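# one predicted model, sequence on top.
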Amino acid sequence: MTILLLFMILALGCFALLSRDLLHSVIALSALSMLSALMFTILRAPDVAITEAAVGAGVSTIIFVWAIRHTRRRSKD
Amino acid sequence: MKRTLFIIKITFTLLVLALAIFPVILSSHPWPEASRDYLYEHALTDTGAVNTVSSIYLGYRAMDTLGETLVLLVSITGTMGILINLGRESEEEEAVSFSLAPEKRPTNAQRTHLLEVVSSKLGPVVLLFGFYVMLYGHISPGGGFQGGVIVASAIVFLALGTETQTKLTNTNVLGRIEALSFLVLIVAATSGVFFESGFFGNPIKSGSSLSANFIILLNIIIGLKVGTSIAVMCIAMMGGRRGH
Amino acid sequence: MVIERILIFLLALIGFTAIVGAKNIIKKVFGLNILNAAVVLLYILEGSRIGDQAPILGKGVTNMVDPVPQALMLTAIVIGVCVTALALALAVRLYKATGSLEIDTINERLRSEH
Amino acid sequence: MSIESLFLSPVYLPMLGAALILVTKHFFTDRQRRAVEYLSALIAFIIPLIAFIFLIKPVLAHHQVHMILGTWETTLGIHYHFDGLSFLLITINLLISIPVWLYSRKTGPHQETFTIIFLIQSASIAATSLTADLFNLFVCLEVMGVTSYVLVASSEKNKAILSSFTYLIFSATAMVFFLIGTFGLYRISGSLAYDTIAQAKNMLSGSDLLVARLSLVLIVVSVLLRTAVIPLSGWLVGAHSNAPHAVSALLSGVLIKIPLFALVRLLLLVTGTELLGSILAWAGGISTLLGILLALREHHAKRLLAYSSVSQIGYIVTAYGLALASGIETEEGALLLALSLLYAFSHALAKATLFMTVGRACDAVGSKDLHVARGALSALRAQGERFPITGIAYLVAFLSISALPPTIGFWGKNTLVYLSKGHGSTYFLSITSVLTIVVYLKLSGIFLPKKAQEVQKVEPSSTALTSLSLIFLTILLLAGGLWYTDLQTFVVQVLSPLGATNATLTSYSALQDLLKTGFTTTIALLFFIIGSKTRVERRFEARRESTASFPNLFFGFALMVAVMAWWLLFPGEAL
């Protein structure tokens, strides 16, 4: 089960870094955070799971969306 | 020529660092169990916390948590400093972000009815959950930081939902709560030194029924500090007029 | 098993490649975030090998997981988010100053300006 | 007041001060806020300094305190070691922070949160030099890092924002590698305290020893990044030259030295670090020469000072490496470590003064370009500085950094170069001593009188605090020079529990030194005159500012990791 999750996390990471549209990358990153939070619950680490979900997916997504709103969505590479 | 040099440099860097961290990650040395066994017996009596993770990061290694709170404070102060300058420069071409200050809101179309109803109704529920996570940190999973962030998201929900600026979403009030909780945290940390139970020691004698309260106190203070500072940053990011 | 750690190693490598190779400064911050997430995954994955119950003392908890890496990773996650917030504020400020997010054009425009 | 609350005071008092300012920022008016700022600065700096004066006697009596924060009995807790090394590091930090903070009152960044971040940084510096726990070192370095990024970015110049961003990404990535190293060491030792790790590591063999050493290499290199030895120094020039004057004085003076000496406690306990020491000695030697050559090519005043910081830190790292190479328990090793720390102190004083005086002079003249900026003294006088304190402070700092007689730098640098005789990098050090004088002669151009005397009338403003801070630093520089011998014996005595007890410098004669200094100064003067007369220097100068690109930064990081990892394959035999 964890191997499957890790494959999905790896795929999301590649997509986040390769996609041209930064908003898609942000969505991929917050999905990555949610999956790693799920993985922490499987690995018996509830504290870290709540932190990763609340802080990792929650706050950093807000900050990323704010940053993209104030700059540009399209990225050259 | 410059292109190939760039490629060589990057491949060399990646190769060396990959080789450097590969054995460390893949080492087959069995995971140490000494600290787990010690905590299994002593965590409850030493710190009074059922949740061993919070007994570590608020009891044995409380200095790390203090350092972490300092990182949070400094980075949010730095971000706010930069935000204020951004606000000043982009005064004319205000980016189309819905602004919370009543007098500055461009058009109401920006704030759909759905957003207002959902977030203003959802706010209190999330707030209650945030305080639960914060207060029960030493028993069930959760604690200062997680509770604080959930409270921050609840405050952002309320700020989105309500038309007028209530007391809870006024950045001035939030700033004051943050400052006070930081002061109480430092005083609580240094109180250990004067009760000769060491920096971040538990001033209340350990073993007595009260010792768990020190962890609850720390949880509440850190929760308030984290909650209010992240809420202030999020409100400022959403273009809300900064109170002071 | 070993396959999990190899995947985490690859994730860390991808994050690091993005930090070094990406032209867009927000992509660099993405890379930093992914590298941080990979190391947190590594600590918790290895820490949870020696037990199969959550580190909450209670009735029937006999073989609990190692809580030390979990406590450390709480701090590492929050520090990672704070550094990301600061990096993005600086990135937006750079965009406002130079009008571009590509590191080379930023260098170019700032070097010419005294 | 137990001794523990005394030596912990530089950790919790600045935090208390920062909390007070934060509260007054929200509750009181502007005037009270200024009063509370001065009060909390007093609490944060003066009281710990007084506490440390009381600590001199126990430290001299080699009274060491190994304690766990919070009196827990388990190795899980955070170990703090208070000994001579942390005493000296915290004293250096306090002695530099006070004048820099006073200087920043008038000229430095005026945001209301500047003092809060300044105090938190001072608290994290004290915690870094006291900690003997790996993850606590990670957290303290992060706090120090975040405060430096914010302070560098507080100058609001676009270049400062760019160099702060570069420094942030580079250093945050390095700290992730630090975490991977901690993972490796926790895995083999089951605890995060230095001594438990060292005991576990010394019993290892085979592939586990390889993993343990590789993790140690990752940790050492990511900490060395903040000390800006040559392959890792790409970030320093941008950050230190674009930061506000007060901040660059503090960064160059204190921030780049604390991580190096905080590492001593970890490296001391691990056997087989001789080769690591000689690698550091070579890296230090190369960075002295390369740093000073790059400084020669520079015509922007603050960039020149930043490059010279890279070169001077090379001296400190060379002595530090040699101390490690010959083993800190031996008499020679202990002496080298003491000298390395003493020269770090003398460089901190000189570089802080230089950054502050040159900053003020360039602001008065209006330009930082060494070919244009002239007549700083008259411009300063126009700004209401009746007594040319900036000029005098600059002169004394110039004498100290180019190792000329009355100042602490003269004794410090020459004894250091003398002691590095046995090692190949000593040639680098001697050549650089000559070139340093040439570089600073070039920098002194800004104090030469301007030809056309059109002095624009600037409204005189009170410079009491700035002059006070500069006087304080000049007195320290001169006092360090006059009582150098007993300062050196004090430092050796205080550090001796780490190494040999009565290491005294017998075979070093001062007279032979004066001849050598006279010789180097004449060569330097010759170089300078030839260079400036024949305009060869102009062609030699850098056309465009080289900003550190990320591939280069990380190439340096990988290079340093590769060189250090080479230590794994040939452990033990010194270079």
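Nice, I can see it.

# helix, strand or coil for whichever residue of chain B sits closest to chain A?
Taking CB to the nearest CB as the measure, the point where chain B comes nearest chain A is B:P141, at 3.4 Å. C-beta here means a position set from N, CA and C on the backbone, and glycine is covered the same way. Judged by DSSP: H, G, I helix; E, B strand; the rest coil, the three-state class of B:P141 is coil.

# flag the shaky bits of chain B, pLDDT-wise.
B:87-112, B:163-165, B:193-212, B:239-244 (pLDDT under 70).

# hmm, 90 instead?
Across chain B, the ranges flagged by pLDDT under 90 are B:1-7, B:9, B:25-65, B:80-124, B:127, B:133-146, B:153-178, B:185-219, B:232-244.

# so who does the closest residue to chain B within chain A touch?
Relative to chain B, the nearest point of chain A is A:P46 (3.4 Å; CB to the nearest CB). Listed by CB atoms under 8 Å, 6 or more residues apart in numbering or on different chains, the contact partners of A:P46 are A:F40, B:P141, C:A54, C:I56.

# that one and B:I56: what is the separation?
14 Å (CB to CB, to the nearest Å).

# all helices of the stretch 401-550 of chain D, in order?
Assigned by DSSP state H, counting those that start in this stretch, the stretch 401-550 of chain D shows helices spanning D:408-419, D:426-443, D:464-482, D:484-495, D:510-533, D:536-540, D:550-569.

# just send the ones you listed back as TSV, with distance to chain C too.
Compiled in TSV, those are given as follows (distance: least, CB to the nearest CB, whole Å):
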stretch	distance to chain C
helix D:408-419	33
helix D:426-443	19
helix D:464-482	26
helix D:484-495	32
helix D:510-533	24
helix D:536-540	19
helix D:550-569	5
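
# the closest residue to D:G234 other than its chain neighbours - how many residues pack around it?
The spatial neighbour of D:G234 that comes closest, neighbours along the chain excluded (CB to CB, 6 or more residues apart in numbering or on different chains), is D:A548 at 3.5 Å. Other residues lying near D:A548 total 21 when counted by other CB atoms under 10 Å in any protein chain shown.

# also D:K106?
The tally of other residues near D:K106 (other CB under 10 Å) stands at 17.

# residues contacting the residue lying closest to it once chain neighbours are set aside?
Closest residue to D:K106 apart from its sequence neighbours, by CB to CB, 6+ apart: D:T466 at 5.3 Å. D:T466 makes contact with D:L102, D:Y103, D:R105, D:K106, D:T107, D:M356, D:R360 under the criterion CB under 8 Å, 6+ apart.

# on that earlier part again, read off the pLDDT value for the residue of chain A closest to chain B.
Note for A:P46: predicted pLDDT of 90.

# the stretch 51-200 of chain D: strands as residue ranges?
D:65-68, D:79-82 (DSSP state E, counting those that start in this stretch).

# and these, which one's lowest on average pLDDT?
Across the strands of the stretch 51-200 of chain D, strand D:65-68 gives the lowest mean pLDDT, at a mean of 80.

# just the pLDDT at the residue positioned nearest the centre of chain C, thanks.
Taking CA atoms, centre = their mean, the centroid of chain C lies closest to C:N36, which sits 1.9 Å from it. Here the pLDDT value assigned to C:N36 is 95.

# just the element for the closest residue to it other than its chain neighbours, please.
Leaving aside its chain neighbours, C:N36 sits nearest to C:G80 (3.8 Å; criterion: CB to CB, 6+ apart). Element membership for C:G80, per DSSP states H and E: helix C:67-98.

# how distant is that helix from the center of its chain?
Taking CA atoms, centre = their mean, to the nearest Å, one finds helix C:67-98 lying 8 Å from the centre of the chain it belongs to.

# show me what the lengthiest helix in chain A is packed up against.
In chain A, with assignment by DSSP state H, the single longest helix is helix A:22-42. Helices and strands touching helix A:22-42, by 3 or more CB pairs under 8 Å, 6 or more residues apart in numbering or on different chains; DSSP states H and E, are helix A:2-18, helix A:46-51, helix A:60-70, helix C:25-47.

# JSON lines for those, including distance to C:T105?
As requested, the helices and strands packed on helix A:22-42 are exported to JSON lines (distance: least, CB to CB, whole Å):
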{"stretch": "helix A:2-18", "distance to C:T105": "20"}
{"stretch": "helix A:46-51", "distance to C:T105": "37"}
{"stretch": "helix A:60-70", "distance to C:T105": "18"}
{"stretch": "helix C:25-47", "distance to C:T105": "11"}
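
# distance check, B:I177 against D:V365.
In terms of CB to CB, B:I177 sits 47 Å off from D:V365.

# likewise for B:L127?
Counting by CB to CB - B:L127 and D:V365 are separated by 57 Å.

# rewinding a little: okay, B:I177 and D:V365: which has more neighbours?
Shown here are B:I177 and D:V365; by other CB under 10 Å, D:V365 has more neighbours (22 against 18).

# that one contacts D:A373, correct?
Yes - assessed by CB atoms under 8 Å, D:V365 is found in contact with D:A373 at 4.6 Å.

# common neighbours of the two, please.
D:I446.

# and stretch D:20-37, is it in reach of chain B?
Yes - contact of stretch D:20-37 with chain B (CB under 8 Å from any CB of the partner chain) involves D:L20, D:L22, D:V23, D:K25, D:H26, D:F27.

# can you tell me which of those residues lies closest to chain C?
Closest approach to chain C among the residues of stretch D:20-37 next to chain B (CB to the nearest CB): D:L22, at 16.7 Å.

# skipping its backbone neighbours, what lies nearest the closest one in space?
Closest residue to D:L22 apart from its sequence neighbours, by CB to CB, 6+ apart: B:A179 at 4.4 Å.

# check contacts around the one you found.
B:A179 is in contact with D:A19, D:L22, D:V23, D:K25, D:H26, D:F27, counting by CB under 8 Å, 6+ apart.

# helix or strand: which one has it?
Going by DSSP H and E, B:A179 is in helix B:171-194.

# so for that helix, what gets flagged as buried?
Residues of helix B:171-194 classed as buried: B:171, B:173-186, B:188-193 (neighbour count, 16 or more other CB atoms under 10 Å in any protein chain shown).

# try stretch D:36-45
Residues of stretch D:36-45 classed as buried: D:V36, D:E37, D:S40, D:A41, D:I43, D:A44, D:F45 (neighbour count, 16+ other CB under 10 Å).

# same check, this time on stretch D:470-486
By 16+ other CB under 10 Å, the buried positions in stretch D:470-486 come out as D:L470, D:F472, D:L473, D:T474, D:L476, D:L477, D:L478, D:G480, D:G481, D:Y484.

# strands along chain B, start to end?
With strands called from DSSP state E, chain B shows none.

# what segments of it are helices?
Taking DSSP H as the criterion, chain B carries its helices at B:2-26, B:34-47, B:52-55, B:62-89, B:113-135, B:144-161, B:171-194, B:211-237.

# out of those helices, which is the most enclosed?
Of the helices of chain B, the one with the most neighbours on average (mean count of other CB atoms under 10 Å in any protein chain shown) is helix B:52-55, at a mean of 30.

# now check that one, is it near chain D?
No - contact between helix B:52-55 and chain D is absent, the nearest approach being 9.6 Å (criterion: CB under 8 Å from any CB).

# name the helices or strands packed onto that helix?
Looks like helix B:52-55 contacts helix B:34-47, helix B:211-237, helix C:67-98 (3+ CB pairs under 8 Å, 6+ apart).

# and it, C-alpha only, in PDB?
Coordinates of each C-alpha in helix B:52-55 appear next as PDB, following Å, rounded to 0.1, in the frame of the first residue of the first chain:
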ATOM      1  CA  THR B  52       4.500  10.500  23.600                       C
ATOM      2  CA  VAL B  53       5.200  12.700  20.600                       C
ATOM      3  CA  SER B  54       3.900  15.800  22.400                       C
ATOM      4  CA  SER B  55       5.800  14.700  25.500                       C
END
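
# and the contacts of that helix?
A:47, B:39-40, B:43-44, B:46-47, B:49, B:137-138, B:141, B:143, B:215, B:219, C:55-57, C:64, C:67, C:70-71, C:74.

# all set, thanks.
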